[in-house]
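S.K.: dropping the sequence and predicted coords here.
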Amino acid sequence: MNWLWTVLLLIGSNICMTIAWYGHLKLQQMHISDSWPLVAVILFSWGIAFFEYCLQVPANRIGSAINGGPFSLMQLKVIQEVISLTVFTVLVMVFFKGEALHWNHLAAFICLIMAVFFAFLK
């Protein structure tokens with residue numbers, strides 16, 4: 001079950017990360033943060049990023065073979081990257097309607113799937 005908790009925590013972490021990194025752009029697009037100084041935008045993002053770390057650190061501890069988990073560090077990193085780009089793509093498609101998914105994005109995802117395959121290859 002450690003693999004499942006690891007993946008779920010990484011998904012939650014990456015949702016927070018994506019919102020921290022790009023959520024302020026949506027707020028600006030909605031004219032909510034137009035007048036915010038840059039330091040306020042940074043503090044807003046850091047506040048959200050705190051929750052990313054609250055999920056990311058336990059995910060890595062639970063999932064790492066160093067702590068008896070099922071994944072090597074390389075496998076954890078590849079899993080995290082795939083989850084990161086998947087979460088990013090879903091959130092962008094939902095919240096930023098002007099962004100389109102093109103064939104080269106799909107080709108990149110196929111390459112990521114192959115990266116997972118190679119990372120787990122014995």
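M.R.: Cool, the structure landed.
S.K.: hey, let's count contacts and neighbours off CA atoms from now on
M.R.: Will do.
S.K.: how many neighbours does I79 have?
M.R.: 20 (other Cα atoms under 10 Å).
S.K.: same thing with M114?
M.R.: Neighbourhood size, M114 [other Cα under 10 Å]: 12.
S.K.: and the average pLDDT for the helix or strand that it is a member of is what?
M.R.: In the assignment (DSSP states H and E), M114 maps to helix 103-120. The average pLDDT within helix 103-120 is 88.
S.K.: can you check stretch 42-49 too?
M.R.: 95.
S.K.: starting at the chain centroid, how far to that stretch?
M.R.: 15 Å (Cα atoms, centre = their mean, to the nearest Å).
S.K.: and that stretch, which residues are buried?
M.R.: S45, I48, A49 (16 or more other Cα atoms under 10 Å).
S.K.: how about the second one, what does it touch?
M.R.: Taking Cα atoms under 8 Å, 6 or more residues apart in numbering as the contact definition, I48 lies against C16, M17, I19, A20.
S.K.: now, those that are in helices?
M.R.: C16, M17, I19, A20 (DSSP state H).
S.K.: and H24, how far from N104?
M.R.: As for H24, its distance to N104 is 27 Å (criterion: Cα to Cα, to the nearest Å).
S.K.: show me which of the two is the more surrounded one.
M.R.: More crowded of H24 and N104, by other Cα under 10 Å: H24, with 18 against 9.
S.K.: buried stuff in the helix or strand harbouring the more buried one?
M.R.: In the assignment (DSSP H and E), H24 maps to helix 2-29. Of the residues in helix 2-29, 2-3, 6-7, 9-20, 23-25 count as buried by neighbour count, 16+ other Cα under 10 Å.
S.K.: show me what the helix or strand of the chain with the lowest mean pLDDT is packed against.
M.R.: Every helix and strand in the chain was compared by mean pLDDT, DSSP states H and E; the lowest is helix 103-120, with a mean of 88. Judged by 3 or more Cα pairs under 8 Å, 6 or more residues apart in numbering; DSSP states H and E, the packing partners of helix 103-120 are helix 73-95.
S.K.: quick one: distance of the helix it packs on to the chain centre.
M.R.: With Cα atoms, centre = their mean, you get 5 Å for helix 73-95.
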